[in-house]
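I'll drop the sequence and a predicted model, then ask my questions.
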Amino acid sequence: AQSVSQHNHHVILSEAASLELGCNYSYGGTVNLFWYVQYPGQHLQLLLKYFSGDPLVKGIKGFEAEFIKSKFSFNLRKPSVQWSDTAEYFCAVWLEGNTPLVFGKGTRLSVIA
Amino acid sequence: KAGVTQTPRYLIKTRGQQVTLSCSPISGHRSVSWYQQTPGQGLQFLFEYFSETQRNKGNFPGRFSGRQFSNSRSEMNVSTLELGDSALYLCASSLEGTREKANEKLFFGSGTQLSVL
């Protein structure tokens, strides 16, 4: 079965530290890739997505992600985190055809002052 | 443009009861997906409806069912509730629900928090 792996369950960073959250998927075909964020008490919202073209995708709030097809990876990065980035981050993969969006288990990010 | 609306926001039920959750998608969206979110398990796909037909189904028991109406609103039903059904149930809508279009993405509601006692 197709799967999405997020390597870190909980990441704790100090403000201004750099962030990289790992995401790998197991599917050899064409994919769309997403990162969603869930701030405390809020609904899931889209950070960024990759459909085609430039593998380096820029999203909202200074986040970016790089699609590396050979590594089946779509890691999320931010050069300098803020306290307000404290949230849960979900990587998701959309396979070919009318298939559902498959999510990873999420990574909880805690940013401390 | 209104977002995805889920009702009720909170529910408390006891084991053995049944429950119905409701989801109103964004106007014009024809695909509605349901997910179960629990701590440590992330979002697990329940099912997806498109034009009143179930198009995809996840690995959940038959106690979990759903339907979609002609106006794209969707309901999810869980019968014979178990303690392990306690979770946040999320509904998401999209235009067509297929990755083939560059503008496709899922919009999520705030969820229904179900507690089974």
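Thanks, I have the structure now.

residues from chain B in reach of chain A?
Contact residues, chain B versus chain A (C-beta under 8 Å from any C-beta of the partner chain): B:3-4, B:33, B:35, B:40-45, B:48, B:50, B:55-56, B:58, B:90, B:92, B:97-99, B:102, B:104-106, B:108-111. Backbone N, C-alpha and C define where each C-beta goes, glycine included.

Drop anything exposed from those.
For these, a burial check counting by 16 or more other C-beta atoms under 10 Å in any protein chain shown picks out B:4, B:33, B:35, B:42-45, B:48, B:50, B:55-56, B:58, B:90, B:92, B:97-99, B:104-106, B:108-111.

For chain A, spot the helix or strand the model is least confident about on average.
When the helices and strands of chain A are scored by mean pLDDT, DSSP states H and E, strand A:101-103 comes last with a mean of 91.

Can you name every helix or strand that that strand contacts?
strand A:87-94, strand B:42-50 (3 or more C-beta pairs under 8 Å, 6 or more residues apart in numbering or on different chains; DSSP states H and E).

May I have the strands that pair with that strand, each with its orientation?
In the sheet, strand A:101-103 lines up against strand A:87-94 (antiparallel) (DSSP bridges).

Could you check the angle the strand it pairs with makes with strand B:42-50?
Strand A:87-94 and strand B:42-50 are oriented at 50 degrees to each other (axes from the mean of the first three to the mean of the last three C-alpha atoms, to 10 degrees).

ranges for the strands of chain A?
Taking DSSP state E as the test, the strands found in chain A are A:4-5, A:10-14, A:19-21, A:24-25, A:32-38, A:45-50, A:56-58, A:64-68, A:73-78, A:87-94, A:101-103, A:107-112.

partners of the fifth one, with directions?
Translated: strand A:32-38. Assessed with DSSP bridges, strand A:32-38 is paired to strand A:45-50 (antiparallel), strand A:87-94 (antiparallel).

Just the buried positions in the helix or strand where B:L114 lies, please.
In this assignment (DSSP states H and E), B:L114 forms part of strand B:112-116. By neighbour count on 16+ other C-beta under 10 Å, the buried set for strand B:112-116 is B:T112, B:L114, B:V116.

quick one, the helix or strand where B:C91 lies and strand B:112-116 angle?
Taking DSSP H and E as the definition, one finds B:C91 inside strand B:87-94. Counting by the same axes, to 10 degrees, strand B:87-94 lies at 150 degrees to strand B:112-116.

any chance of the helices and strands packed on strand A:101-103 in a markdown table, with mean pLDDT and distance to A:Q45 too?
Output for those, formatted as a markdown table (pLDDT from 0 to 100; distance: least, C-beta to C-beta, whole Å):
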| stretch | mean pLDDT | distance to A:Q45 |
| --- | --- | --- |
| strand A:87-94 | 94 | 10 |
| strand B:42-50 | 94 | 14 |
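
Out of the ones you listed, flag the one nearest B:S74.
Taking C-beta to C-beta, strand B:42-50 is the member of the helices and strands packed on strand A:101-103 nearest to B:S74, at 5.5 Å.

Can you pull out the residues in contact with that closest one?
Here strand B:42-50 makes contact (C-beta atoms under 8 Å, 6 or more residues apart in numbering or on different chains) with A:6, A:90, A:98, A:100-106, B:30-38, B:54-58, B:60, B:64, B:66-68, B:74, B:76, B:89-90, B:96-97.
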